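A.B. asks: Return a 3D structure for these sequence lines:
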Amino acid sequence: MKEIIQNLALILIPSLSTWLLTKRKNKAEIRTAEIKAEVTAAEFYRGLLDDAMKRLNVAITTIGIQDQKINSLNSHVEYLKGELKKYKQHNEKTA
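C.D. replies: Predicted structure coming up:
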């Protein structure tokens, strides 16, 4: 009976030790894989964000240029309105 217990202990103790160490190793490997996946996702979203920022900056610049053109054209329209009034007044006096 003593031999059976010794043999059983010789089998179970290394098996349990191996199982515990393997379990710890597997958890570490899983966590490493999760971290790598998170890093990859972060890099992907960083790329998307950088692209969006570039496009946004281009759009803001374009809007600024368009605003300047609109203001310039509005000023020109006001100038032409004044010239038209002068022309009409001059035609009324000569008619």
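
A.B. asks: CA only for contacts and neighbour counts going forward, please
C.D. replies: OK.

A.B. asks: Would you map the helices across this structure?
C.D. replies: Ranges of helices within the chain are 2-94, based on DSSP state H.

A.B. asks: Against R55, how distant is the residue nearest the centre of it?
C.D. replies: With distances taken as Cα atoms, centre = their mean, L49 lies nearest the centre of the chain, 2.4 Å away. Per Cα to Cα, to the nearest Å, L49 is found 10 Å from R55.

A.B. asks: and what of Y79?
C.D. replies: Between Y79 and R55 the distance is 36 Å, computed by Cα to Cα.

A.B. asks: cool, E43 as well?
C.D. replies: Distance of E43 to R55, computed by Cα to Cα: 18 Å.

A.B. asks: Ok, A41 next?
C.D. replies: A41 is 21 Å from R55, by Cα to Cα.

A.B. asks: what residue ranges in the chain score low on pLDDT?
C.D. replies: Filtered on pLDDT under 70, the chain yields the residue ranges 95.

A.B. asks: Mind doing that once more with 90?
C.D. replies: Scanning the chain for pLDDT under 90 picks out the ranges 1-25, 90-95.

A.B. asks: Check the burial of L8 by counting its neighbours.
C.D. replies: By the criterion of other Cα atoms under 10 Å, L8 has 11 neighbours.

A.B. asks: ok, it - contacts?
C.D. replies: Going by Cα atoms under 8 Å, 6 or more residues apart in numbering, L8 touches no other residue.

A.B. asks: how does it look with 10 Å?
C.D. replies: By Cα atoms under 10 Å, 6 or more residues apart in numbering, the contact list for L8 reads K2.

A.B. asks: next one: I35
C.D. replies: Residues in contact with I35, defined by Cα under 10 Å, 6+ apart, are 29, 41.

A.B. asks: what's R55 in contact with, if anything?
C.D. replies: For R55, the contact set (Cα under 10 Å, 6+ apart) comprises 49, 61.

A.B. asks: measure it to G64 for me?
C.D. replies: R55 sits 14 Å away from G64, taking Cα to Cα as the criterion.

A.B. asks: and if you look at E38?
C.D. replies: Look at E38 and G64: by Cα to Cα, they are 38 Å apart.

A.B. asks: Ok, Q6 next?
C.D. replies: Distance, Q6 to G64, using Cα to Cα: 86 Å.
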